[in-house]
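# A structural model of the following input is requested.
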Amino acid sequence: MAKKTKKFMVFVVTAFIAAALVFIPVLAAQDGKALTETAAEEIPVYSVKTAAVETRTLQAILEVNGDIVSEGQVAVLSETAGKLVTVKAALGTRVRQGDLIAQVDPSSAGAQYMASSVYAPISGIVCAVPLAVGSTVQQGSIITSIAQADDLQIEALIPEREVSQLRSGLAATVTLPAFQGEVFTAKITQVSPILDPASRTKKIVLNFTNKDSRINAGMFAHIKLNTRTYANVVTVPAEAVGEQSGIKYVYIFDNGKVEQREVVTGVTVDHITEIKNGLAIGDAVVIQGQQFLSDGVAVLVRK
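Next comes the predicted model:
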């Protein structure tokens, strides 16, 4: 009995192994087929970031540098020729009309004369001292310049290619290295009627909206002129716009895929581009990852 049972168990085990050897290759083949078909059907999905098309008001800005000067700046001249022996008013000194500014000795070899005094013709701040003590001066030489402290303005030179945007009354913001983080306001009060043929620039003058006693003649100014306003225009971030063979386009995201769409652009201000034709408000345009895209590919939008 025991011998028959043993033979039966050997038979069962043998049959199981044989069945397994037949079944496993079939599974492997089926799995292989499934994987092959899946790989063949896989579509690459690219990760992108989008932004909505929206209306904005764009403010075009022209940035230039300028100098703060006094509208009433006066050059103090020597009335005699000789040697500059004293300068009483240092750069930045506040003086009153009639104060002694400097002395010039007109003496020469074999002839002694009393020093000639130079007085301040107006009250203000000494904004230039071009000559050092000991310098030889001629009649009419500039000893110093005095600026009226309460009458400061900004002078700037505008390149010829930008002069069409200039007009009196244009608003501007002004920053000064002396006062980091502070913004002052001004507006154009004068536009030169002529263009300098040597520098190809036109001079403008701006006046501060509010007087500030901290501002001095001679300071350097960085100016942002608000030249033109584009109200309620359709816009996208500038990085959304691509160009190929002179044709500008964007990628529109819709239902998991992108569509390449031709657009007509207008101005670009502060990395925002006006779209004149081709998009509607609310469209989602791709702003990152578009270098990998083509029309109709699947994408995944990341936050």
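# so where is this protein shaky, pLDDT-wise?
Judged against pLDDT under 70, the low-scoring parts of the chain cover residues 1-43, 149.
# spatially central residue in it, please.
By C-alpha atoms, centre = their mean, the mean C-alpha position of the chain lies nearest to residue 270, the distance being 7.2 Å.
# that one and residue 144, how far apart?
When distance is defined by C-beta to C-beta, to the nearest Å, residue 270 is 43 Å away from residue 144. Just so you know, the C-beta spots here come from the backbone N, C-alpha and C atoms, and that holds for glycine as well.
# ok, residue 128 next?
The spacing between residue 128 and residue 144, counted by C-beta to C-beta, is 6 Å.
# hang on, the earlier thing: ok, the residue nearest to the centre of the chain - contacts?
Residues in contact with residue 270 (C-beta atoms under 8 Å, 6 or more residues apart in numbering) are 58, 61.
# would you mind measuring from it to residue 258?
Between residue 270 and residue 258 the distance is 26 Å, computed by C-beta to C-beta.
# with residue 83 instead?
The spacing between residue 83 and residue 258, counted by C-beta to C-beta, is 81 Å.
# then residue 127?
For residue 127, the distance to residue 258 under the criterion C-beta to C-beta works out to 61 Å.
# more crowded one of the two?
For the pair residue 127 and residue 258, the greater number of neighbours falls to residue 258 (27 against 22), based on other C-beta atoms under 10 Å.
# show me the contacts for the more buried one.
Neighbour list for residue 258: 48, 251-252, 286, 293, 295-297, 299 [criterion: C-beta under 8 Å, 6+ apart].
# three-state assignment of it?
strand (DSSP: H, G, I helix; E, B strand; the rest coil).
# nearest residue to it in space, please, no chain neighbours.
Once flanking residues are discounted, residue 258 sits nearest to residue 251: 4.4 Å by C-beta to C-beta, 6 or more residues apart in numbering.
# what lies in contact with the helix or strand containing that neighbour?
With the criterion set as DSSP states H and E, the secondary-structure element containing residue 251 is strand 247-254. Applying C-beta under 8 Å, 6+ apart, the external contacts of strand 247-254 come out as 48, 50, 236, 240-243, 258-265, 278-279, 283-286, 290, 293, 299, 301.
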